[in-house]
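*Asks:* Make a model of this:
(one chain, ligands or ions: 1)
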Amino acid sequence: MNIALIAHDKKKQTIINFALAYKHVLEKHQLFATGTTGKLITEETGLAIHRFLSGPLGGDQQIGAMIANNEMDMVIFFRDPLTAQPHEPDVSALIRLCDVHQIPLATNISSAEIFIHGLEHGSLDWRKIMKGKKEY
Ligand SMILES: O=C(CO)COP(=O)(O)O
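*Replies:* Numbering: from 1, shown residues only. As a prediction, this is how the structure comes out:
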């Protein structure tokens, strides 16, 4: 599965802790991240992650493009709901695309943990069937 890991600045430590805790699951998948999030997770966990641009510079949009192309299976995006983001339209667009394409989106650690357990138990295997089946 292709999994995106993204966190706003005040949630960076949370996503690092999450990646450390679930490294044994995450390392079995292809990981993608916005620039700074990916750099920090790789430094702290050793996980191999394809890094896009930093979020404010277009990284959310790059991950959004993967979603639009049916190339992303899950998005874990620890948003900071208490801090205004300069690229709020990009954040909203990414969340919207998850809903447009029915991609599982966890916006906090509680839901992300459930997703990871679901991943381990094959709850997202339907994505393997959906891959390659683009709807226009
Ligand atoms: O801003 C972000 C998501 O909207 C995250 O970007 P960085 O991982 O580059 O900090």
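*Asks:* who are the neighbours of the helix or strand harbouring Ala93, in terms of helices and strands?
*Replies:* Here Ala93 sits within helix 88-100, counting by DSSP states H and E. Counting contacts by 3 or more C-beta pairs under 8 Å, 6 or more residues apart in numbering; DSSP states H and E, helix 88-100 is packed against helix 59-68, strand 74-78, strand 105-106. Placement of C-beta: from N, CA and C, glycine included.
*Asks:* between those, which gets nearest to the ligand?
*Replies:* helix 59-68 (4.7 Å; C-beta to the nearest ligand atom).
*Asks:* what mean pLDDT does that closest one have?
*Replies:* Mean pLDDT, computed over helix 59-68, is 98.
*Asks:* what angle sits between that helix and strand 74-78?
*Replies:* Relative orientation of helix 59-68 versus strand 74-78 (axes from the mean of the first three to the mean of the last three C-alpha atoms, to 10 degrees): 160 degrees.
*Asks:* Tell me which other helices or strands helix 59-68 touches.
*Replies:* Using 3+ C-beta pairs under 8 Å, 6+ apart: helix 59-68 touches strand 2-7, strand 30-33, helix 88-100.
*Asks:* ok, back up a step: please point out which parts of the helix holding Ala93 sit buried.
*Replies:* Asp90, Val91, Ala93, Leu94, Ile95, Leu97, Cys98 (16 or more other C-beta atoms under 10 Å).
*Asks:* circling back: looking at the helices and strands packed on helix 88-100, which is buried most?
*Replies:* strand 74-78 (a mean of 25; mean count of other C-beta atoms under 10 Å).
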